[in-house]
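A.B. asks: the following comprises the amino acid sequence and a computationally predicted model.
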Amino acid sequence: MKKYFLLALLMFSSAAFANHHKMTMQYGGDWVDAVAVGHGDFMRMSGVFRGSNEMTLESGEVIITNFTCPGWWDAATGGNGACNMKDSASSDYWVLSWDCDAAGNCTGEAKGGTGRFEGVTGSLNWKSVGGFGKGGGTFMMKH
């Protein structure tokens, strides 16, 4: 009985992590439609960050997305927002919720999506410098 329990546990564990992917990513973009208020060392703005992202899964699959990210930025504390990460080859997209500190150290979470990205989860970490970023994390798709 113990042998069968361990075998079942191993099979369940493998199935649970079958679509779990380590990934790397890099992006570039720019703030558009931005409204900023500033004086001296103070600066706060809101707008839309738009650009493209290239994500490489550990399997070697490359996913290229174009993104639109409404958000805000404060020079002293950083910012946050959310992105619609649209697959450049289809109309499928996934949603990314992100937070960055003032030095550009960022974290994000995948919050689901449509089509091939339905039910996607994962977490990312990256460094953002002048509209460009590079990092990695995990990306789990149901399909």
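C.D. replies: Right, received. Where do you want to start? Because the structure is a prediction, the values reported are computed rather than measured. Numbers count the residues shown, from 1 in each chain.

A.B. asks: neighbours of the residue nearest to residue 110 when sequence neighbours are not counted, how many?
C.D. replies: Distances taken as C-beta to C-beta, 6 or more residues apart in numbering place residue 122 nearest to residue 110, at 4.3 Å, with adjacent residues excluded. In this view, the C-beta of every residue, glycine as well, is placed from N, C-alpha and C. Using other C-beta atoms under 10 Å, residue 122 has 19 neighbouring residues.

A.B. asks: just the helices in this structure please.
C.D. replies: Using DSSP state H, the helices of the chain run over 2-16.

A.B. asks: contacting residues around the lengthiest strand in it?
C.D. replies: The strand that spans the most residues within the chain, counting by DSSP state E, is strand 20-39. For strand 20-39, contacts defined as C-beta atoms under 8 Å, 6 or more residues apart in numbering pick out 43-59, 67, 69, 73, 75, 122, 124, 126, 131-141.

A.B. asks: report the buried members of those residues.
C.D. replies: 45-49, 51, 53, 55-57, 67, 69, 73, 122, 124, 126, 133, 135-137, 139-141 (16 or more other C-beta atoms under 10 Å).

A.B. asks: can you give me how far stretch 75-94 is from the chain middle?
C.D. replies: Offset of stretch 75-94 from its chain centre (C-alpha atoms, centre = their mean, to the nearest Å): 7 Å.

A.B. asks: can I get it in CSV, CA atoms only?
C.D. replies: Taking C-alpha atoms only, stretch 75-94 is exported to CSV below (Å, rounded to 0.1, in the frame of the first residue of the first chain):
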residue,chain,number,x,y,z
ALA,A,75,10.2,59.4,-8.7
ALA,A,76,10.6,58.9,-5.0
THR,A,77,8.6,55.6,-4.4
GLY,A,78,8.3,53.9,-7.8
GLY,A,79,5.0,52.8,-9.4
ASN,A,80,2.6,50.1,-10.3
GLY,A,81,0.1,49.1,-13.0
ALA,A,82,-1.3,46.3,-15.1
CYS,A,83,-0.6,45.1,-18.6
ASN,A,84,-2.5,43.5,-21.4
MET,A,85,0.2,41.2,-22.9
LYS,A,86,-1.2,40.5,-26.4
ASP,A,87,0.4,37.6,-28.4
SER,A,88,1.8,39.2,-31.6
ALA,A,89,0.7,36.1,-33.6
SER,A,90,-3.0,36.0,-32.4
SER,A,91,-5.5,37.9,-30.4
ASP,A,92,-4.8,35.8,-27.2
TYR,A,93,-3.5,37.8,-24.2
TRP,A,94,-2.4,37.4,-20.6
